[in-house]
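> Predicted model and sequence below, questions to follow.
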Amino acid sequence: MGSPFRGARVELTITPIPDEDESRAAALLLLSTTLGAHYIAEQEIADLQAGKMHGMALGAFLDNELVGVLLGRMLEKETAAEYEAQAKEGGATAGLAGQRLGLLQSVAVKPGCRGQGIGTGLSRALLDHLKRAGANAVLAVSWESGTRDSSAGMLEAVGFQRVARVAEFWKGDSLRRGYTCPRCGNPCRCAGVLYLRSM
């Protein structure tokens with residue numbers, strides 16, 4: 001069951017993505033087109049749909065068309081420590097130790113629908129879910145893609161604070177997992193900006 005959301009210019013429904021092959025494939029296509037081929041695996045979406053790690057795969061639907069996807073979950077302590085190490089690479093301390101952290105993992109909005117509050121609505125729905133799951137802070141990484149469609153503005157609009165900029169944030173991960181950045185290929189040499197939001 002979804003909830004209506006009135007963004008800056010559109011009315012849409014935000015709901016968990018139905019746990020069916022067709023919906024999962026549409027979400028994967030939007031994520032792959034926006035964030036790069038093989039960045040997100042279909043099984044990753046299925047795990048979030050099943051609620052693993054208190055995860056969630058949310059969709060924004062406009063007239064039954066999927067126009068936005070957001071993936072998020074609770075973080076394990078080991079993964080939080082990896083993010084803390086990356087923040088140190090960027091010259092900052094994120095203060096992640098000892099927190100129950102959620103992760104706004106990935107967000108993608110169809111190009112013709114961007115700038116209308118869809119990502120913001122998806123983010124608010126995930127923040128509510130993670131708060132109910134016990135998160136006392138949520139981490140996100142904004143991709144410095146060199147385009148005006150960066151998630152930084154959306155993150156700041158829902159209360160995230162910038163922690164650190166990390167050069168070549170996805171380089172090692174893109175080499176290990178073999179995904180292709182839509183901006184620079186493989187390896188990805190784009191910077192990432194770590195953001196944190198207290199709950």
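Yes, it's here. As the structure is a computational prediction, the values presented were derived from the model and not from experiment.
> Who are the packing partners of the helix or strand hosting Asp173?
Asp173 belongs to helix 171-177 when assigned by DSSP states H and E. On a contact count with 3 or more C-beta pairs under 8 Å, 6 or more residues apart in numbering; DSSP states H and E, helix 171-177 meets no helix or strand. From N, CA and C alone the C-beta is placed, and that goes for glycine too.
> Quick one: mean pLDDT over it.
The predicted model gives helix 171-177 an average pLDDT of 87.
> what residue is smack in the middle of the chain?
Within the chain, one residue has its C-alpha closest to the average C-alpha position: by C-alpha atoms, centre = their mean, that is Ser106, at 2.1 Å.
> Correct me if wrong, but that residue is in a strand.
Yes - under DSSP: H, G, I helix; E, B strand; the rest coil, Ser106 sits within a strand.
> hang on, it packs against Ser32?
No - checked against C-beta atoms under 8 Å, the pair Ser106 and Ser32 is beyond contact range at 10.6 Å.
> any residues in contact with both of these two?
By C-beta atoms under 8 Å, 6 or more residues apart in numbering, Ser106 and Ser32 have these common neighbours: 39-40.
> ok, Gln105 - contacts?
71-73.
> Nearest to Lys171 among the residues you listed?
Using C-beta to C-beta, Leu71 comes nearest to Lys171 of the contacts of Gln105, at 21.3 Å.
> avg pLDDT for the helix or strand encompassing the closest one?
Using DSSP H and E, the element containing Leu71 is strand 65-74. Over the span of strand 65-74, the pLDDT mean works out to 95.
> list the buried ones in it?
Of the residues in strand 65-74, those with enough neighbours to count as buried (16 or more other C-beta atoms under 10 Å) are 66-74.
> ditto for stretch 159-174
Residues of stretch 159-174 classed as buried: 160, 163-166, 169-171, 174 (neighbour count, 16+ other C-beta under 10 Å).
> Could you tell me how far that stretch lies from the centre of the chain?
Centroid displacement of stretch 159-174 relative to its chain, using C-alpha atoms, centre = their mean, to the nearest Å, is 13 Å.
> Repeat that for stretch 44-58.
13 Å.
> Could you tell me the end-to-end distance of it?
This stretch, stretch 44-58, spans 13 Å end to end (C-alpha to C-alpha, to the nearest Å).
> List of residues touching that stretch?
So stretch 44-58 is in contact with 14-17, 19, 24, 27-28, 31, 69-76, 102, 122, 125-126, 129-130, 133-134, going by C-beta under 8 Å, 6+ apart.
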